[in-house]
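# Build me a structure from this.
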Amino acid sequence: MGKIQLKELAFARSGDKGDVSDIGIMAKSRNIYDFLSKAITPERVKEQFKGMIKGDVEIYPMPNIDSIEIVLRRALGGGATCTLRFDQTGKSMGQALLRLEVDADESLIQEAVDADASIRKCYQS
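Next comes the predicted model:
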């Protein structure tokens, strides 16, 4: 087991709808998805954002695409048109969540490294 940031195991994309921030977490493999679907909980997400999330955190599994949808209610200080936050539309929240630390098996970490190498190989000229 090793402590690792989520960014080593997954990709993220985030945005907003009013005062709701949506974060999509895309696992680098099926095994990683299975692990993350247990490791990412509403409590861990709220803890990661340290008081920024005033409402509920909802997590929706999407196993058909090895992804997790995370909905953060009352997370943007009222929404883009009325917040004083620097990131009014929550675009950085996915990247912030990728800093979450998890304890993962070395084999899972290696699987993520291999997935990254495979992706880079596809885009080399």
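# What helices and strands are in contact with the helix or strand of the chain with the lowest mean pLDDT?
Every helix and strand of the chain was ranked by mean pLDDT, DSSP states H and E. The lowest is strand 10-17, at a mean of 89. Applying 3 or more C-beta pairs under 8 Å, 6 or more residues apart in numbering; DSSP states H and E, one finds that strand 10-17 makes contact with strand 20-27, helix 93-97. For glycine as for every other residue, the C-beta is placed from the backbone atoms N, C-alpha and C.
# Tell me the strands beside that strand, with direction?
With DSSP bridges as the test, strand 10-17 is paired with strand 20-27 (antiparallel).
# What mean pLDDT does the very next helix or strand once past the strand it pairs with get?
Per DSSP states H and E, the first helix or strand lying C-terminal to strand 20-27 is helix 30-39. Taken as a whole, helix 30-39 carries a mean pLDDT of 97.
# Going toward the C-terminus from helix 30-39, what's the next helix or strand?
By DSSP H and E, the next helix or strand past helix 30-39 is helix 42-48.
# What residues of the helix or strand just after that following helix count as buried?
Once helix 42-48 ends, the next helix or strand along the chain (criterion: DSSP H and E) is strand 57-62. For strand 57-62, the buried set under the neighbour-count rule, 16 or more other C-beta atoms under 10 Å, comprises Val57, Ile59.
# repeat for stretch 46-56
For stretch 46-56, burial by neighbour count (16+ other C-beta under 10 Å) applies to Lys46, Gln48, Phe49, Met52, Ile53.
# Tell me how many other residues crowd the residue nearest to the fourth one when sequence neighbours are not counted.
Using C-beta to C-beta, 6 or more residues apart in numbering and skipping residues adjacent in sequence, the residue nearest Met52 is Ala75, 6.3 Å away. Using other C-beta atoms under 10 Å, the number of residues around Ala75 comes to 25.
# go on, Lys7?
14.
# Surely it forms part of a helix?
Yes - counting by DSSP: H, G, I helix; E, B strand; the rest coil, Lys7 is part of a helix.
# So what's the residue count around Asp34?
Asp34 has 15 neighbours, counted by other C-beta under 10 Å.
# Tell me how far it lies from Asp66.
Remark: distance between Asp34 and Asp66 (C-beta to C-beta, to the nearest Å) = 9 Å.
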